[in-house]
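1. my questions concern the predicted model and sequence given below.
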Amino acid sequence: MAQSHFNATHPGEVIKDELITRGIPQKDLARCIEVPYTMLNDILNERRPLSADIALRIETALGLSANLLMGLQLDYTMQKARNDADIRRKLVKVKPLPSPIASL
């Protein structure tokens, strides 16, 4: 399995940078999108994944593309999974199934 050679960006980093640039406190965004401050803070500090629901709320509040944010989340999640030793041990045991075309 190929290892990625880049560090995926958690969407929380992008959102946090946007808030800093605009001078918007995290508590104001949390209130605006109707989520607990602790939940938003966990996302912004990369302790919690971004959900589609929250991405859409942030898109509405800040104009950041929910599709972009969710793409970042997917890349981040996949990189973490690929680098997880336990998952890698399990993957070594998986044998590819034969393709129906190969049996013709």
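-> That came through fine. Numbering: from 1, shown residues only.
2. where in this structure is pLDDT low?
-> Filtered on pLDDT under 70, the chain yields the residue ranges 1-5, 102-104.
3. residue 50: neighbour count?
-> Using other Cβ atoms under 10 Å, residue 50 has 24 other residues around it. For every residue, glycine as well, the C-beta is placed using N, CA and C.
4. what does residue 8 give?
-> For residue 8, the neighbour count with other Cβ under 10 Å is 17.
5. residue 77 now?
-> 14.
6. for the protein, which helix is longest?
-> Determined from DSSP state H, the single longest helix within the chain is helix 66-83.
7. now do the same contact list for the residue positioned nearest the centre of the chain.
-> Nearest to the mean C-alpha position of the chain, counting by Cα atoms, centre = their mean, stands residue 73 at 1.7 Å. Going by Cβ atoms under 8 Å, 6 or more residues apart in numbering, residue 73 touches 10-11, 49-50, 55.
8. okay, stretch 60-67 in PDB with CA atoms only?
-> The C-alpha atoms that make up stretch 60-67 are tabulated as PDB, following Å, rounded to 0.1, in the frame of the first residue of the first chain:
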ATOM      1  CA  THR A  60     -23.900  29.400   5.300                       C
ATOM      2  CA  ALA A  61     -22.300  31.500   8.000                       C
ATOM      3  CA  LEU A  62     -18.900  32.100   6.500                       C
ATOM      4  CA  GLY A  63     -19.200  31.400   2.800                       C
ATOM      5  CA  LEU A  64     -16.600  28.600   3.000                       C
ATOM      6  CA  SER A  65     -17.400  25.800   0.600                       C
ATOM      7  CA  ALA A  66     -18.900  22.800   2.400                       C
ATOM      8  CA  ASN A  67     -17.600  20.600  -0.400                       C
END
